[in-house]
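K.L.:
coords below, sequence missing:
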């Protein structure tokens, strides 16, 4: 099953679960000696037979049949919670990205020096030892030919070097 097929089926399952009977019950057809699945009407309490389980049906398949509504509702509930977590995390990422974009170049550089992906790039591409924050900051300032990151906001040449460095990092990220 492809992800697109699963998404389409998920939408159908969500709608169907909303209309299906809330409670399925185990019944037994004494005449033929076979288990049955029934649905209890939530208004009247009356049970209506939905299906009779054939002889030879594996126990696990029978369990799945009897528990299908509760299993489906559980999966949908867990999925909805997962979707909400993803939505929250996307919002947080967007807020962080907006914060980075609004930050001064000196702030952007400081933020980047604490970013795991940027540190990996420094190590893999430039051989910078990334275990010590002071060493990282010193090495990046040396690479940018500045005494202080504040120069990135006051010296156009330093700002251009930072933008080039950060652009190289972004390109490296796209290639991964």
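P.N.:
On my side now, so go ahead. This structure is a prediction, so every number in the text was calculated from the model and none was measured. Numbering: from 1, shown residues only.

K.L.:
for residue 105, which non-adjacent residue is closest in space?
P.N.:
In space, and not counting its chain neighbours, residue 105 is closest to residue 152: 3.9 Å by Cβ to Cβ, 6 or more residues apart in numbering. C-beta here means a position set from N, CA and C on the backbone, and glycine is covered the same way.

K.L.:
per the record, what domains does this structure have?
P.N.:
Split into domains by automatic domain parsing, the chain comes to 3-92, 103-174.

K.L.:
between the ones you listed, which gets the lowest average pLDDT?
P.N.:
Mean pLDDT is lowest for domain 3-92 among the domains of the chain, at a mean of 90.

K.L.:
look up how far residue 11 lies from residue 146.
P.N.:
Using Cβ to Cβ, to the nearest Å, we find residue 146 at a distance of 54 Å from residue 11.

K.L.:
who has more neighbours, those two?
P.N.:
Neighbour count, other Cβ atoms under 10 Å: between residue 146 and residue 11, residue 146 has more, with 21 against 10.

K.L.:
check the secondary structure at that one for me.
P.N.:
coil (DSSP: H, G, I helix; E, B strand; the rest coil).
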